[in-house]
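>>> return a 3D structure for these sequence lines:
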Amino acid sequence: MNILDEMQDLNNKWVETFSEGDIAACAEMYTENGSIYSPYSPAAIGRNAIKDTFKEWYEAGEQNKRVKVLEADSDGKIAYFTASFSGDYPQDDGTLVNESGVVLTTCIRAQNGSWKMHISSLNSDTPPLAES
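Got it, this is the predicted structure:
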């Protein structure tokens, strides 16, 4: 399997796990000292903070989460991927608003040979600051 397919499989597993509400398992897909930088919440540094961030995101009621890996590479021990993401968020009036963007993630090969995400940086197509 090539690295692009491996990173897509990793993301598919994350989306499935997130959609099922297994937030602890989502956080376990990151290294213990991993981090997420996002326009949607403060920086999440460390697996516990990542778990808290995922819990907030899940409780926002996102539907139809999609992630498509666009590019990936690896030296066997460290990998990176860029991916597009999108999801639909319920509004007070019952409508759904789509949020999308791009994420850049570095991954580290774990002792058991699996990939663990380490650092993710999300960029929104419609960041809140762009509206002001």
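
>>> what bridges to the nearest residue to residue 62 once chain neighbours are set aside?
Counting by C-beta to C-beta, 6 or more residues apart in numbering, residue 87 is the residue found nearest to residue 62 once chain neighbours are left out, at 4.3 Å. C-beta: built from backbone N, CA, C; applies to glycine. Taking DSSP bridges as the rule, residue 87 bridges to residue 99.

>>> need the contact list for residue 87.
62-66, 98-100 (C-beta atoms under 8 Å, 6 or more residues apart in numbering).

>>> of these, just the buried ones, PyMOL syntax please.
With 16 or more other C-beta atoms under 10 Å as the criterion, this PyMOL line picks the buried residues out of the contacts of residue 87:
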select buried, resi 62+65+99
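
>>> got the contacts of residue 87 as TSV, with pLDDT and distance to residue 55 columns?
Shown next, in TSV, are those (pLDDT from 0 to 100; distance: C-beta to C-beta, whole Å):
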residue	pLDDT	distance to residue 55
62	88	12
63	89	17
64	92	19
65	93	15
66	95	21
98	91	22
99	91	18
100	94	22
